[in-house]
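Visitor: My questions are about this predicted structure, shown below with the sequence.
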Amino acid sequence: MYSTFTRLRLTAGCVLAAVVAGCSASDRPTAPRMGPAFAISDAAHAGGTAGFFFLPPMAAQPAASGTLDADIVTLDPQVAICDITDRPDVDCGGSGPGATAAVIVYTTASTPAIDVDGVKYQVNWDTKAPGFLAAHSYRVHVTAGATAARRELGFADVLLTTTPGQAKDLATQDLITLNDGRTLPIHFRIETGIQGGIAVSAATSSITTGATDLITATVQDLHGTPLAGATVAWSMTTTPPADVAGLDASSGQTGGDGTAATTLTAGGTPGTALVTAVSVGLTAAVSITVRAALKPLYVANVLGSSITVYGPGAKDDATPTATIVDGTTGLSGPWAVARLEFPRRHRGGRRGPDLRRQRRQQQHHDLPGGSER
């Protein structure tokens, strides 16, 4: 319990209701939402980000057992607050298309600024600052991480009412009296080992039917360094849906280099395979094309009684891969040379009444690999 607040039993009318009821499985920090959900997402509620906790007065004191990640320079935390009363909440305070504009954004360089005291991160929210309206609901988002591993860690919903100087914790049904009648301290804890990003790659983006491909997932922590011991779940969808490819593993754990892998084996049907890796809510995918396997090209050299073999797809000045000679060629001779005779024409360009048939003599021989000369 924080000494700067006085807890009272429930009375009518409160200015600030910090709603900490647990949210459903669909309530995730990155999920677009319309209107107040009265939800909180962190490690203590609804399977939120492991290692991230909201602290009193916005939430009850959690049973955190990890180590505080106090590297505020690398983590560069941000708190963005968006009005969700009657509008969507998408990428609050972000710069991408469709992002919801934040009423206010706190950083380590803002006024007031986010700081860390060895136990928690904190910033004071002035609920009477311009842009905040009584009877409106707001969502407090916390984002942190290095550039390549930056992510939203959690959110909490807050309701502002018209009675000055009080906040309500619905988890305990207690009222909290703010010491200056307007400021709500936002306290949160970021622990070491939180997953910051995941990437997936394939050894090759295109393989032939029957071939294999190594698919690798790389998991990083909030500092952008490899994270060992993270569980990765694999799944795959294919087009067409059958006989395109399969995976040899559905899950695995990252090693010391932060990677986990699965092997894709192509089936007998050409198509595409989309392989997805999921780790604690983080998702990444890679697409692999499965194409029909080409057969070798066999060229019969009749006079030399040999067959020159070229690799699949050979063209132009390709180098032969093998030569079949002597009795192993399967060729038998002599081979007749085809001769074509065309009909004569009468003067004036008209064909004569007696047309000679084309005569062709040719022997067919099956060549290796099913080719026919």
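Guide: Perfect, I can see it now. Residues are numbered from 1 along each chain as shown.
Visitor: For the residue most central in space within the chain, which non-adjacent residue is spatially closest?
Guide: Centroid-nearest residue in the chain: residue 284, 1.9 Å away (criterion: Cα atoms, centre = their mean). Leaving aside its sequence neighbours, residue 284 sits nearest to residue 200 (Cβ to Cβ, 6 or more residues apart in numbering; 4.3 Å). Heads up, the C-betas are built off the backbone N, CA and C, glycines and all.
Visitor: Could you do residue 288 as well?
Guide: In space, residue 288 is closest to residue 273, 4.8 Å off (Cβ to Cβ, 6+ apart).
Visitor: Please determine how far that neighbour is located from residue 208.
Guide: Distance of residue 273 to residue 208, given as Cβ to Cβ, to the nearest Å: 13 Å.
Visitor: Can you check which residues contact both of these two?
Guide: Counting by Cβ atoms under 8 Å, 6 or more residues apart in numbering, the contacts common to residue 273 and residue 208 are 266, 290.
Visitor: Could you check which of those two has the larger neighbour count?
Guide: residue 273 (24 against 14; other Cβ atoms under 10 Å).
Visitor: just to revisit the earlier point, and the residue nearest to residue 288, what element?
Guide: In this assignment (DSSP states H and E), residue 273 forms part of strand 271-279.
Visitor: Give the pairing partners of the helix or strand just after that strand; include direction for each.
Guide: Under the assignment DSSP H and E, the closest C-terminal helix or strand after strand 271-279 is strand 282-291. The pairing partners recorded for strand 282-291 under DSSP bridges are strand 206-208 (parallel), strand 271-279 (antiparallel).
Visitor: got the buried residues for strand 282-291?
Guide: For strand 282-291, the neighbour count (16 or more other Cβ atoms under 10 Å) marks 282, 284, 286, 288-290 as buried.
Visitor: The helix or strand where residue 124 lies pairs with which strands?
Guide: Residue 124 belongs to strand 121-126 when assigned by DSSP H and E. Strand pairing for strand 121-126, determined by DSSP bridges: strand 115-116 (antiparallel), strand 183-190 (antiparallel).
Visitor: can you give me the mean pLDDT across the shortest one?
Guide: Right, strand 115-116. Strand 115-116 carries an average pLDDT of 98.
Visitor: again, but for the longest one
Guide: Strand 183-190 comes out with an average pLDDT of 93.
Visitor: who touches the next helix or strand after that strand?
Guide: Heading C-terminal from strand 183-190, the first helix or strand you meet, by DSSP H and E, is strand 195-202. Under the contact criterion Cβ under 8 Å, 6+ apart, strand 195-202 has outside partners 50, 145-146, 148-151, 213-224, 227, 230, 232, 264, 275-277, 279-280, 282-286, 288.
Visitor: Can you flag the buried ones in those residues?
Guide: Judged by 16+ other Cβ under 10 Å, buried ones among those: 145-146, 149-151, 213, 215-224, 227, 230, 232, 264, 275-277, 279-280, 282, 284, 286, 288.
Visitor: Could you tell me the end-to-end distance of stretch 97-117?
Guide: 36 Å (Cα to Cα, to the nearest Å).
Visitor: er, stretch 128-144 I mean
Guide: One end of stretch 128-144 sits 26 Å from the other (Cα to Cα).
Visitor: chain center to it, what's the gap?
Guide: 30 Å (Cα atoms, centre = their mean, to the nearest Å).
Visitor: At which residues are the helices of the stretch 51-200 of the chain located?
Guide: 72-75 (DSSP state H, counting those that start in this stretch).
Visitor: for it, which spans come out with low pLDDT?
Guide: 161-181 (pLDDT under 70).
Visitor: if we can go back for a sec, figure out how far the strand holding residue 273 is from the centre of its chain.
Guide: Counting by Cα atoms, centre = their mean, strand 271-279 comes out at 9 Å from the chain centroid.
Visitor: Just the terminal-to-terminal distance for stretch 300-314.
Guide: OK, stretch 300-314 end separation, Cα to Cα: 15 Å.
Visitor: Quick check: buried residues in it?
Guide: 300, 302, 305-310, 314.
Visitor: Next: stretch 192-202.
Guide: Applying 16+ other Cβ under 10 Å to stretch 192-202 flags 194-200, 202 as buried.
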